[in-house]
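K.L.:
next comes the sequence, and after it the predicted model I'd like to discuss.
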Amino acid sequence: MPESFFIVSKDNLELATDEVISIVRSYDRFAKTQVFSNIVIIQSTIPWQTIARRATFVKIAGLLLRKLSNLFLDEDSYLLLQNSSTFSCRVINLSSDSSDTTELERAMGSMISKFSQSKVSLNDPDVVVYLIFTEDQAFFGFSPKFVKDERPKKVRGHPHELDWKLCRAMINLSGIKEDETICDPFCGTGTTLLEASSMKINSIGIDFDKKMCDVSRENIKANGFKSEIYNEDFSYMDKIVDSFDGIVTDIPYGRASKTSEGPEKLLEKLVSKIPKRKKVAIMCKKGTEKNLKWNFAKRYEIYRHKSLTRVILVK
């Protein structure tokens, strides 16, 4: 079975690795996963590009090979190199050992040049061959040229809007797939709706503030997306409960709500209204969840500054 590798950002490492695993498991629940340092190895028939396109914190991704000889013995790998005009070699050292990576890259490049017609190019090569070191193991991999989808644009924003990277990670952690529908009951300027739509996930937004609903509609329209947006209180979820598969939202904490309730009470009320068997990822201010009677599967802390730490809860 094919193996692929994903090197993720070391910032919020647990969240970054879990995001990759959640994405592949949403497509293939029998996929096998391993984590070494900040590299995630996936054994699955799901193409690595499918995972890399969705993942927020993946820095490098590609196909994994256990031996460099497989580059020449494996038919697909061999043909890929033969049909590529240029390649480059990169050594990624995730271990504490300080090796001379430049010499290793030169040696790999020289070896590959002898077995293929490709030429070394450090500037935008067709294929990159990787040698990856962790504390305990070494891996070979390669990655054909890969470009991520263009980011959705926002024509109007807000100082307190949800960070798009964390929003996208939350969608992935929830396990929502293409053609399913996500609901954000505090949609604000539409960050969740935009990120979901960019991943071909249907979206529904709810917000009590008419101005925010108008901003969301404007941002959705600017990207050519379609999303249902309701100017209602979050409890409107009850009326459309059969229209969505999951909930991804950021609980308001610094601005007044329609009922002037604090974020703790707002979170409790929201959780009480979430139907069973819905996929959920909620962000809130640390501490507001302390009295929550809810069995969430994962909890991640996101440090912002001295007086603010955000928490992501995933069910």
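P.N.:
Happy to help now that I have it.
K.L.:
list the contacts for Pro144?
P.N.:
Pro144 makes contact with 62, 80, 84, 126-127, according to Cβ atoms under 8 Å, 6 or more residues apart in numbering. For glycine as for every other residue, the C-beta is placed from the backbone atoms N, C-alpha and C.
K.L.:
include neighbour count and secondary structure when you put those residues into CSV, please.
P.N.:
Compiled in CSV, those are given as follows (neighbours: other Cβ atoms under 10 Å; DSSP: H, G, I helix; E, B strand; the rest coil):
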residue, neighbour count, secondary structure
Gly62, 22, strand
Leu80, 19, helix
Ser84, 19, coil
Asp126, 17, coil
Val127, 24, strand
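K.L.:
do you know how far Phe208 is from Glu3?
P.N.:
Distance from Phe208 to Glu3, counting by Cβ to Cβ, to the nearest Å: 48 Å.
K.L.:
same check, this time on Lys153
P.N.:
From Lys153 across to Glu3, the span is 36 Å (Cβ to Cβ).
K.L.:
in the strand or helix carrying Lys269, what counts as buried?
P.N.:
Using DSSP states H and E, the element containing Lys269 is helix 263-273. Across helix 263-273, burial judged by 16 or more other Cβ atoms under 10 Å covers 263-264, 266-268, 270-271.
K.L.:
what lies in contact with it?
P.N.:
185, 234-235, 237-238, 249, 251-253, 257, 259, 261, 282, 284-285, 288-289, 291-292, 294.
K.L.:
quick check, pLDDT for Ile46.
P.N.:
Looking at Ile46, its pLDDT stands at 95.
K.L.:
for it, give me its contacts.
P.N.:
24, 27-28, 31.
K.L.:
tell me which residue is most central in the chain.
P.N.:
Ala55 (2.8 Å; Cα atoms, centre = their mean).
K.L.:
ok, it touching Leu173?
P.N.:
No - judged on Cβ atoms under 8 Å, Ala55 makes no contact with Leu173 at a distance of 10.8 Å.
K.L.:
many thanks, we can stop here.
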